[in-house]
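Undergrad: Predicted model and sequence follow; I will ask about them next.
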Amino acid sequence: MRRIAPCLILLVLALFGRPAAAQSAETIRAVVHEFLRGQTAGMPGEVNIEVTPPQAQPPLPPCDRIEPWLPAGARAWGRVRVGVRCVGQASWSLYVAAQVQVIGPYLVSARALRPGEILTAADLAEQHGDLTEMGRQLLTDPAQAVGSQMRFAVAQGQPLRASMIAQPQVIESGRPVAVIVQGNGFRVANTGVALSNARAGDGVRVRLPSGKVVQGIASENGEVLLSP
């Protein structure tokens, strides 16, 4: 019997062939990890990436070239699914789950802030955490906030977002404003009355002493610039 058993094994392999090798789940995991590492290169803070090894059923045939991609509209941020496909002799694709953490600083209010207040560095404090769990439009640099105007009230310690601030109002409706026409080698100044509030870069209408209404762009210093 001991001599017959090996012969039977050889006969089975000859009839049915050897079991086909399967694509290594660890190889797919490593490809996705390296892909996400490239996608997050240059992000501020500490980046941590965890990839869940895929469990394809049935096992995938081996592939010499594995290509990862992100679905349209997705980015390497928080919980993400990365597409993986075989480019070559085997034709298969699947999605691999991953978690991308970005641990870094973000801004919070150092005190309770009221609507209309102009932010200074003293109004800001810095905290650290997983930015991917903090929601969108989070402010991470004081330069993004200093000099801006609060749109509404926030409590002390509340994370600051771009939606909470705006450029300060530089022109007030009903107040006198300087109206400037400037071109190549000339500058003409006039005065008028603003017909609306405006922030730097906004369009604003002005009534001149003659009664004519013109429209220009509000500058950072509160002037209204007209095209020549």
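TA: Perfect, thanks for sending it. Keep in mind that what you see is a predicted model, and the values were worked out from it rather than measured.

Undergrad: from memory Val84 sits against Ala98, does it?
TA: No - if you go by C-beta atoms under 8 Å, Val84 and Ala98 don't touch, sitting 10.8 Å apart. No exception for glycine: its C-beta is placed from N, CA and C like everyone else's.

Undergrad: between those two, which one's more packed in?
TA: For Val84 versus Ala98, neighbours defined as other C-beta atoms under 10 Å are more numerous around Val84 (24 against 20).

Undergrad: The lengthiest strand in the chain packs against which elements?
TA: Secondary structure assigned by DSSP state E gives strand 93-109 as the longest strand of the chain. Packed against strand 93-109, as judged by 3 or more C-beta pairs under 8 Å, 6 or more residues apart in numbering; DSSP states H and E, are the following elements: helix 25-39, strand 46-51, strand 78-86, strand 124-130.

Undergrad: so where do the strands sit in this structure?
TA: Remark: strands assigned in the chain by DSSP E are 46-51, 66-69, 78-86, 93-109, 124-130, 149-150, 165-166, 169-171, 176-183, 186-194, 198-199, 203-207, 213-218, 224-226.

Undergrad: What residues of the last one count as buried?
TA: Of the residues in strand 224-226, those scored as buried under the neighbour-count criterion (16 or more other C-beta atoms under 10 Å) are 224, 226.

Undergrad: And the helices and strands packed on strand 93-109: which comes nearest Asp64?
TA: With C-beta to C-beta, the closest approach to Asp64 among the helices and strands packed on strand 93-109 belongs to strand 78-86: 8.4 Å.

Undergrad: returning to what we had before: tell me which of the strands of the chain sits nearest to Phe35.
TA: Phe35 lies closest to strand 66-69 among the strands of the chain, at 4.1 Å (C-beta to C-beta).

Undergrad: Show me what that closest one is in contact with.
TA: Applying C-beta atoms under 8 Å, 6 or more residues apart in numbering, the contact partners of strand 66-69 are 27-28, 31-32, 35, 82-87, 96.

Undergrad: what do you get if the cut-off is 10 Å, keeping everything else the same?
TA: 23, 27-28, 30-36, 38-39, 60, 82-88, 90, 92-93, 96 (C-beta atoms under 10 Å, 6 or more residues apart in numbering).

Undergrad: How about the contacts made by the closest residue in space to Ala122 that isn't next to it in sequence?
TA: The spatial neighbour of Ala122 that comes closest, neighbours along the chain excluded (C-beta to C-beta, 6 or more residues apart in numbering), is Ala110 at 6.7 Å. The contact partners of Ala110, by C-beta under 10 Å, 6+ apart, come to 119-126, 156-157.
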